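Participant: Need a 3D model of the following:
(one chain, ligands or ions: 1)
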Amino acid sequence: MSALLQVTGLTKIITNQADEDNHILDGVNFTLNQGEFVTVLGGNGAGKSTLFNSITGSTEITSGTVMLKDNDITKWKEEKRSNLISRVFQDPKMGTAPRMTVAENLLLAKLRGEKKTLRSRNLKKNKEQFIEMCTSIGNGLEKQIDAPAGNLSGGQRQSLSLLMATMTQPSLLLLDEHTAALDPKTSKKLMQLTNEIIQEKKMTCMMITHQMEDALVYGNRLIVMKDGKITLDLNQKEKEKMTLKDLLKLFEEEKLTPTI
Ligand SMILES: Nc1ncnc2c1ncn2[C@@H]1O[C@H](COP(=O)(O)OP(=O)(O)OP(=O)(O)O)[C@@H](O)[C@H]1O
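Facilitator: Have a look, this model is predicted:
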């Protein structure tokens, strides 16, 4: 396996009004290999989303480097990084344009990184493929193909976000609690769909979740964060041995504190 993402000494310090430094990310180091699907657990405020923000370039870091596909992207603007990195957020409203139709949203995703306009000719050409993609999800999204994305249910809108995020096979897929705002049944379905897409496209993915069971069931590596640090990093074999009970016990006993 070859390294796809290499994060070294990633640190983000925020100084508050009392002039105290808060280490939101505290020297995070890890390497993600091509094809790895990592689930990321950690309590509120552990630094999980800030880690994602640092990788996508939506937050400025204090120090450290981010390498992606042998490129040092630390100083790249967010827009440039977005040609290689896709992210799906918790809020269904974040990943789609509400006034554009489902088909237009999908076309926008298909043309990512290209300087093309949303011509109706392009829409017509791709419509059949888009309907097929939507039908495969099984939640009626294809019936809304010409409806504005803002009219969709939360589950439909998140599945559209997921389709858009994975359409052009990004180098890295970041899922930021992307099922958390949905009801349990819809959330489960979207998680299954997510896993199918990741397996089928052999994608490299990091997924933040608060569902310990999902963190154990899905993916082939598990990372736990606490106080801006990675405090547990289980490979596939170690993860397979870990039971939900063991994991819950570790959290309860707070054995996930850094050893240094
Ligand atoms: N721009 C900022 N200014 C000040 N504090 C910030 C900023 N960004 C993040 N923080 C703080 O950094 C800490 C980590 O936040 P982050 O959102 O990364 O945590 P998280 O692990 O994703 O938590 P959650 O599970 O609640 O989403 C929090 O205490 C948060 O309030």
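Participant: The residue lying closest to residue 47 once chain neighbours are set aside: neighbouring residues, count only.
Facilitator: Setting aside the residues directly before and after it, residue 47 is nearest to residue 228 in space (Cβ to Cβ, 6 or more residues apart in numbering), at 4.2 Å. The way it works is simple: take the backbone N, C-alpha and C, and place the C-beta from them, glycine included. When neighbours are counted by other Cβ atoms under 10 Å, residue 228 registers 24.
Participant: Would you mind confirming that residue 228 makes contact with residue 13?
Facilitator: No - proximity of residue 228 to residue 13 does not meet the contact threshold set by Cβ atoms under 8 Å, at 9.4 Å.
Participant: Overlap of the contact sets of these two?
Facilitator: Listed as contacting both residue 228 and residue 13 by Cβ atoms under 8 Å, 6 or more residues apart in numbering are 23-24.
Participant: which parts of the stretch 1-150 of the chain sit against the ligand?
Facilitator: Within reach of the ligand by Cβ under 6 Å from any ligand atom, the stretch 1-150 of the chain has these residues: 14, 24, 42, 44-50.
Participant: just the strands in the stretch 51-200 of the chain please.
Facilitator: With strands called from DSSP state E, counting those that start in this stretch, the stretch 51-200 of the chain shows them at 63-68, 71-72, 85-88, 172-176.
Participant: Can you list the strands that the last one pairs with?
Facilitator: Spelled out, it's strand 172-176. Applying DSSP bridges to the sheet, strand 172-176 is found paired with strand 85-88 (parallel), strand 205-208 (parallel).
Participant: Quick check: beta-bridge partners of residue 67?
Facilitator: Per DSSP bridges, the residues bridged to residue 67 are residue 6, residue 72.
Participant: any idea how far residue 226 is from it?
Facilitator: 24 Å (Cβ to Cβ, to the nearest Å).
Participant: Between these two, which is the more surrounded one?
Facilitator: Set side by side, residue 67 and residue 226 show more neighbours around residue 226, with 20 against 16, by other Cβ under 10 Å.
Participant: any idea how far the more buried one lies from residue 126?
Facilitator: The value you get for residue 226 to residue 126, if Cβ to Cβ is used, is 45 Å.
Participant: What of residue 19?
Facilitator: When residue 19 is compared with residue 126 (using Cβ to Cβ), they lie 55 Å apart.
Participant: which of these two has more neighbours?
Facilitator: Higher neighbour count among residue 19 and residue 126: residue 126, with 16 against 6, using other Cβ under 10 Å.
Participant: Could you pull up the contacting residues of the more buried one?
Facilitator: Residue 126 makes contact with 103, 106-107, 110 under the criterion Cβ under 8 Å, 6+ apart.
Participant: burial measure for the nearest residue to residue 190 once chain neighbours are set aside, as a count.
Facilitator: In this structure, residue 190 finds its nearest non-sequential neighbour in residue 179, 5.0 Å apart by Cβ to Cβ, 6+ apart. Residues lying near residue 179 (other Cβ under 10 Å) number 24.
Participant: Tell me how far residue 179 lies from residue 57.
Facilitator: Residue 179 sits 25 Å away from residue 57, going by Cβ to Cβ.
Participant: How about residue 248?
Facilitator: In terms of Cβ to Cβ, residue 248 sits 35 Å off from residue 57.
Participant: surely residue 68 meets residue 172?
Facilitator: Yes - proximity of residue 68 to residue 172 meets the contact threshold set by Cβ under 8 Å, at 6.7 Å.
Participant: Mind listing the shared neighbours of the two?
Facilitator: Contact with both residue 68 and residue 172 is made by residues 4-5, 84-85, according to Cβ under 8 Å, 6+ apart.
Participant: Which one of these sits in the busiest neighbourhood?
Facilitator: residue 5 (23 neighbours).
Participant: Leaving out the residues flanking it, which one is nearest to that one?
Facilitator: Using Cβ to Cβ, 6+ apart, the closest residue to residue 5 is residue 32 (4.0 Å).
Participant: count of residues packed around that neighbour?
Facilitator: Other residues close to residue 32 by other Cβ under 10 Å number 22.
Participant: For the closest residue to residue 243 other than its chain neighbours, give its distance to the ligand.
Facilitator: Using Cβ to Cβ, 6+ apart and skipping the chain neighbours, the partner closest in space to residue 243 is residue 216 (7.8 Å). Look at residue 216 and the ligand: by Cβ to the nearest ligand atom, to the nearest Å, they are 18 Å apart.
Participant: That's all I had, so thanks and see you.
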